[in-house]
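# Coordinates for the following, if possible.
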Amino acid sequence: MASSSKRPRPRASDAEAGAAATVPDQAASDGQSAQEPAQEPAQEQPAQAQSAPERPVPHVRVAVIGSGFGGLGAGVRLRRAGITDFVILERADSVGGTWRDNSYPGCACDVPSHLYSFSFAPNPDWPRSFSGQPDIRAYLEKVTDVFGLRPHVRLNTEVVEARWDVERTHWRITTTAGRWTADAVVAAAGPLADPQIPNLPGLDSFPGQVFHSSRWDHDFDLAGKRVAMVGTGASAAQIIPAIQPRVGRLTVFQRTPAWVLPRRDRTITELEKRLHGRFPFTAKVRRSALFALRELQVDAFVRRPGLLKVVQRIAERHLADGVADPALRARLTPDYRIGCKRILLSNTYYPALAAANTEVVSGGLREVRGSTLVGADGSEHEADAIVFGTGFHVTDMPMGSRVFGVNGTSFAEEWKEGMEALRGSTVHGFPNFFFVIGPNTGLGNSSMILMIESQLNYVIDALTKLDEIGATAMQPTARAQRRWNLELQHRMDRTVWTTGGCRSWYLDRSGKNTVLWPGSTTSFRRATRKVDLAEYELILRREGRPGRPVTTAEAGEVLV
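Below is the predicted model of the structure:
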């Protein structure tokens, strides 16, 4: 929980999350019992200070960073593959990732519950068709227990640095709780981990409360207060209707309006729950139907944006039904094609913006002068609290400056021209480093759990192949990685995210979309089903010498 009258300091990302507060039990027992009392020195010898020997650095096969859907899913898949020598490194005091961090009023998922869950862990007891944050977090806690992940989870730490050791061909991980080494690292933090707060003039001098939507201050009572909501994205669309009836005055600083569609949410009946619990195939049928519906929508987003005109007309009617004032309706009407920015789902957002105690300021927030907030249009507004719904560091992930590869180069340096990876999972120069929700694996219309499970297939296949061929590590060739991304960006040129006429958080500073996948989840699953060794260099451990990258053909000659 974060609370401050000054500019809040964003926490480190899950991708920078640390290891255990204590080393594993086996590490503590390997020669680490209490030292025997020192012998008294001979009279003629000066007493020597006894220094405790340094504890050995614990080593694991795999270090997983983050304990949200990606990290917990990785843990389950590792155990099923027979790999039990792993830890899940988590910065916070509990599992859950973004569904732990985001506890703001009204927080819920905009993907149907039966699709926003693991295929291997169906939940027949979802209370609503679009479940709220408490239910999703509880689901993740249950997954942790049911699949025996608690012994692998290390809480309340932070990764300071991860560096590839060329000599020993493994990763050296430095945390606030000590050091670890690992044969492989799975970065499963996801992009929505580090809140992004604009660098506004005068923000540090604001006398009231300031916090980000993902660090909600539950101790601050909004009742009767003058509250400023900065941003009108997905989080704000849930927060605004939840707090509008309680606050005295709500000022919404809108930089760009969003397209909003009706939210088809309802309570799932007890009969449905019993049916799904007693006959699991019925839940599978429901999930399959939800999946198929979203797969059918993909073509409009990635190849034929013109098909979205029908959807845009539905959104226009939804706006007209929710906002009677033509002036306000004009301010809330986007000037770009629907789908270019994230489409919001809400039945209560427009009525909350049209309420008597709400004011929408176009152009966003320009500066802060004491308790006075100055809009981009020059208007001035008094506030007791500022809530930022301004998103996250997505295209400039902070963990990039803490992870160093073969040549001592960090991800931040490697990606100065934009993030890219081979199949969204691996990066040249960073052996045995696997992303879950890596570059260009995001979705604009379906469940990210589908993408996570596809990438986990890829990770497990990679680790299995290393064992089978006797190699120590693998990294994609520069050519394979570049070819993959050139083709990916070529496909991106036709998508609504490129042609729709907006500037979204999907784009980096150069205007390149490094976040979304320009295809269906089915096509991504095909692309990540198996590791193609022709796209990789293998690193072999030589006796007494550091491992060096070799081609697959060279590896065959050495290992046969």
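
# How many residues are close by residue 265?
By the measure other CB atoms under 10 Å, the count of residues near residue 265 is 17. For the C-beta atoms, the positions are set from N, CA and C on the backbone; glycine is no exception.

# Now do the same contact list for it.
Neighbour list for residue 265: 128-130, 347 [criterion: CB atoms under 8 Å, 6 or more residues apart in numbering].

# Now the buried members of those.
Applying 16 or more other CB atoms under 10 Å to these, the neighbour count classes 129-130, 347 as buried.

# now the strands: where do they sit in the stretch 201-350 of the chain?
With DSSP state E, counting those that start in this stretch, the ranges of strands along the stretch 201-350 of the chain come out as 209-212, 226-230, 249-254, 260-261, 344-345.

# Can you list phi and psi of the residue nearest to residue 456 when sequence neighbours are not counted for me?
Counting by CB to CB, 6 or more residues apart in numbering, the nearest residue to residue 456 once its immediate chain neighbours are dropped is residue 77, at 4.7 Å. Torsion angles at residue 77 (phi, psi; degrees, to the nearest 10) stand at phi -70, psi -30.

# contacting residues around residue 77?
By CB under 8 Å, 6+ apart, the residues touching residue 77 are 456-457, 459-460.

# In CSV: these, plus secondary structure.
Formatted as CSV, the contacts of residue 77 follow (DSSP: H, G, I helix; E, B strand; the rest coil):
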residue, secondary structure
456, helix
457, helix
459, helix
460, helix
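
# Tell me which two of these sit farthest apart.
457 and 459 (7.4 Å; CB to CB).

# Give me the more crowded residue out of those two.
The residue with more neighbours, out of residue 457 and residue 459, is residue 459; 26 against 16, by other CB under 10 Å.

# Find the helix or strand that the nearest residue to that one once chain neighbours are set aside is a member of.
Nearest in space to residue 459, with sequence neighbours left out and distances taken as CB to CB, 6+ apart, is residue 434 at 4.7 Å. Residue 434 belongs to strand 433-435 when elements are defined using DSSP states H and E.

# I'd like the mean pLDDT over that strand, please.
Averaging pLDDT along strand 433-435 yields 98.

# what helices or strands is it leaning on?
strand 178-187, helix 448-469 (3 or more CB pairs under 8 Å, 6 or more residues apart in numbering; DSSP states H and E).

# Name the stretch among those that sits most buried.
Among the helices and strands packed on strand 433-435, strand 178-187 has the highest mean neighbour count (mean count of other CB atoms under 10 Å), at a mean of 23.

# pLDDT averaged over it - what is it?
95.

# From the contact counts, what lies against that strand?
Using 3+ CB pairs under 8 Å, 6+ apart, strand 178-187 is in contact with strand 59-65, strand 170-175, strand 433-435.

# mind listing the helices for the stretch 51-200 of the chain?
Taking DSSP state H, counting those that start in this stretch, the helices of the stretch 51-200 of the chain run over residues 69-80, 98-101, 133-146.

# could you point out where the stretch 451-560 of the chain is predicted with low confidence?
541-560 (pLDDT under 70).

# which residues sit in contact with the spatially most central residue of the chain?
The geometric centre of the chain, computed from its C-alpha atoms, lies nearest to residue 190 (CA atoms, centre = their mean), at 2.0 Å. Residue 190 makes contact with 14-15, 66, 68-70, 97-98, 436-437 under the criterion CB under 8 Å, 6+ apart.

# Just send the strands of the stretch 201-350 of the chain back as CSV, with distance to residue 540, mean neighbour count and mean pLDDT too.
What follows is those, written out as CSV (distance: least, CB to CB, whole Å; neighbours: other CB atoms under 10 Å; pLDDT from 0 to 100):
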stretch, distance to residue 540, mean neighbour count, mean pLDDT
strand 209-212, 46, 24, 96
strand 226-230, 53, 25, 98
strand 249-254, 57, 23, 98
strand 260-261, 54, 20, 98
strand 344-345, 51, 20, 97
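
# so can I have a markdown table of those strands showing distance to residue 186?
As requested, those are exported to a markdown table (distance: least, CB to CB, whole Å):
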| stretch | distance to residue 186 |
| --- | --- |
| strand 209-212 | 27 |
| strand 226-230 | 34 |
| strand 249-254 | 38 |
| strand 260-261 | 35 |
| strand 344-345 | 31 |
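
# looking at the ones you listed, which is closest to residue 290?
Distance to residue 290, taken as CB to CB, is lowest for strand 344-345 among the strands of the stretch 201-350 of the chain, at 14.2 Å.

# list the helices and strands that closest one packs on?
Looks like strand 344-345 contacts helix 234-243, strand 260-261 (3+ CB pairs under 8 Å, 6+ apart).

# Next, count neighbours for the closest residue to residue 520 other than its chain neighbours.
Spatially, and ignoring its direct neighbours in sequence, residue 520 is nearest to residue 298 (4.4 Å; CB to CB, 6+ apart). Neighbour count of residue 298, defined by other CB under 10 Å: 20.

# And for residue 393?
18.

# Can you check the pLDDT for the residue nearest to it when sequence neighbours are not counted?
Spatially, and ignoring its direct neighbours in sequence, residue 393 is nearest to residue 194 (4.4 Å; CB to CB, 6+ apart). We have a pLDDT of 85 for residue 194.
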